[in-house]
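Engineer: give me a model of this one.
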Amino acid sequence: MNEAHLSDHAEDHDRGLAYDLGTIASRTIVRRRALAWLFTAGTTALVTGCGGGSASSGSTETASGSTTASTGAVAETATTATTTAPTASGSTGQCVADPAETNGPYPADGTNTSRGATSNALTVNGIVRSDIRSSFLTSTAAAPGVQVTLTLTVVDVNKACAPLAGYAIYLWHCDRDGNYSLYDLPAESYLRGLQVTDANGQVTFTTIFPGCYAGRYPHIHFEVFTSMAAATNGRSARLISQLALPSSICTTVYNNAAGYTASISRFAQLSIANDNVFGDNSAAQVAAMTLAATGSVSAGFTATAIVGIAV
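Structural biologist: Residues are numbered from 1 along each chain as shown. Purely as a prediction, here's the structure:
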């Protein structure tokens with residue numbers, strides 16, 4: 001499903017390849033500076049070429065976001081699914097095949113271009129890491145925000161939710177202001193990271209709670225590759241999809257955490273049901289794509305999701 005971006009930092013995520021490339025080529029000087037910086041950085045983050053990439057699919061969904069203020073510790077889960085089997089930890093789990101979604105115009109995975117330059121952070125030293133809060137190229141600045149410890153478990157829905165070890169996951173998202181590193185923030189490379197799943201099919205990222213920008217429900221992008229060796233370009237991804245943040249926790253963070261004030265009014269106008277990406281998926285798919293999370297603004301949040309792939 002196409003991902004419209006109507007915010008002040010002008011991200012039209014999911015209207016298709018032709019639209020993305022046209023949009024990127026016409027961006028402001030900030031965008032051009034981002035790509036120019038990457039091209040001259042002397043790393044393998046940039047190669048010359050052309051082409052772009054996005055993937056999308058989905059069905060229907062009726063869930064809606066919450067705009068009621070909340071304080072203190074909160075928990076929200078989403079577990080509706082079609083297959084039940086023991087998880088890697090031995091407890092009963094459920095899984096569905098996650099739908100393919102667009103990677104948007106800011107993946108830095110080698111699939112989008114501007115004036116012949118392709119941004120690819122996947123091939124840069126430092127991208128393989130669990131704590132993605134700091135930049136790893138020319139800057140070492142850390143993205144401020146409420147801490148989130150996110151564990152993803154990759155499973156095979158065709159084999160009773162069996163964990164998939166040795167798969168690589170590339171994850172990225174916007175900062176608390178709704179900006180993306182390497183694009184809106186050309187000097188920063190934070191909130192991007194790559195890891196390989198362990199014997200339990202799991203990876204854990206330490207990151208921050210993303211902000212909300214106009215036109216998109218709060219989300220996290222990810223790509224799954226069959227191996228670390230295959231994780232060199234988004235076009236070789238086995239799955240490209242997105243994760244939704246729980247609505248009650250969005251309300252809690254945006255209304256109570258420092259630095260998220262701009263997200264309050266934006267989030268009040270959004271829901272999963274009217275989101276351009278999540279809104280056309282089934283209830284089971286949206287449940288699988290919505291993080292289960294517990295915690296508080298002061299202590300941070302622990303979040304999990306099962307990523308189902310039909311191998």
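Engineer: quick one: which helix or strand includes Ala284?
Structural biologist: Using DSSP states H and E, Ala284 maps to helix 283-289.
Engineer: which other helices and strands contact that helix?
Structural biologist: strand 239-244, strand 300-309 (3 or more Cβ pairs under 8 Å, 6 or more residues apart in numbering; DSSP states H and E). Using the backbone N, CA and C atoms, a C-beta is placed for each residue, glycine as well.
Engineer: possible to save those as TSV with mean neighbour count?
Structural biologist: Output for the helices and strands packed on helix 283-289, formatted as TSV (neighbours: other Cβ atoms under 10 Å):
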stretch	mean neighbour count
strand 239-244	25
strand 300-309	22
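Engineer: of all those strands, which one is nearest Pro144?
Structural biologist: Among the helices and strands packed on helix 283-289, strand 300-309 comes nearest to Pro144, with 13.0 Å by Cβ to Cβ.
Engineer: one step back: what comes up buried for the helix holding Ala284?
Structural biologist: Neighbour-count burial for helix 283-289 flags Ala284, Gln285, Val286, Ala287, Ala288, Met289 (criterion: 16 or more other Cβ atoms under 10 Å).
Engineer: need the pLDDT of the last one.
Structural biologist: What the model reports as pLDDT for Met289 is 98.
Engineer: same check, this time on Ala117
Structural biologist: At Ala117, pLDDT is 62.
Engineer: buried residues in stretch 192-202, which are they?
Structural biologist: Arg192, Gly193, Leu194, Gln195, Val196, Thr197, Asn200, Gly201, Gln202.
Engineer: quick one: which of the residues you listed is nearest to Ile169?
Structural biologist: Gln195 (5.8 Å).
Engineer: helices of this protein, start to end?
Structural biologist: Per DSSP state H, the chain carries helices over the ranges 17-25, 29-40, 247-256, 261-268, 283-289.
Engineer: what about the stretch 101-250 of the chain, any weak spots by pLDDT?
Structural biologist: 113-118 (pLDDT under 70).
Engineer: which one of the helices and strands packed on helix 283-289 lies closest to Ala141?
Structural biologist: That would be, of those and by Cβ to Cβ, strand 300-309, which comes in at 19.6 Å.
Engineer: what is the orientation angle of the closest one with strand 239-244?
Structural biologist: Strand 300-309 and strand 239-244 meet at an angle of 150 degrees, taking axes from the mean of the first three to the mean of the last three Cα atoms, to 10 degrees as the criterion.
Engineer: dump strand 300-309 to PDB, restricted to CA.
Structural biologist: Output in PDB follows, covering the C-alpha atoms of strand 300-309 (Å, rounded to 0.1, in the frame of the first residue of the first chain):
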ATOM      1  CA  GLY A 300      11.900   2.900  28.700                       C
ATOM      2  CA  PHE A 301      10.000   0.300  26.800                       C
ATOM      3  CA  THR A 302      10.500  -3.300  25.900                       C
ATOM      4  CA  ALA A 303       8.900  -4.300  22.700                       C
ATOM      5  CA  THR A 304       8.600  -7.500  20.700                       C
ATOM      6  CA  ALA A 305       7.100  -8.700  17.400                       C
ATOM      7  CA  ILE A 306       7.100 -12.000  15.500                       C
ATOM      8  CA  VAL A 307       8.000 -11.600  11.800                       C
ATOM      9  CA  GLY A 308       6.500 -14.400   9.800                       C
ATOM     10  CA  ILE A 309       7.900 -15.500   6.400                       C
END
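Engineer: show me what it is packed up against.
Structural biologist: Applying 3+ Cβ pairs under 8 Å, 6+ apart, we find strand 300-309 packed against strand 92-95, strand 147-156, strand 219-225, strand 239-244, helix 283-289, strand 292-296.
Engineer: closest one to Arg133 among these?
Structural biologist: Closest among the helices and strands packed on strand 300-309, using Cβ to Cβ: strand 147-156, at 7.9 Å.
Engineer: list the strands paired with the closest one, with their directions.
Structural biologist: Strand 147-156 pairs in its sheet with strand 162-163 (antiparallel), strand 202-208 (antiparallel), strand 300-309 (parallel), by DSSP bridges.
Engineer: wait, doesn't Ala305 sit right on Ala287?
Structural biologist: No: if you go by Cβ atoms under 8 Å, Ala305 and Ala287 don't touch, sitting 10.1 Å apart.
Engineer: excluding covalently adjacent residues, which one is nearest to His219?
Structural biologist: Gln242 (4.8 Å; Cβ to Cβ, 6 or more residues apart in numbering).
Engineer: and Ala141, by the same measure?
Structural biologist: Ser135 (5.3 Å).
Engineer: try Phe267
Structural biologist: Cys212 (4.3 Å).
Engineer: ok, now Glu223?
Structural biologist: Ala237 (4.1 Å).
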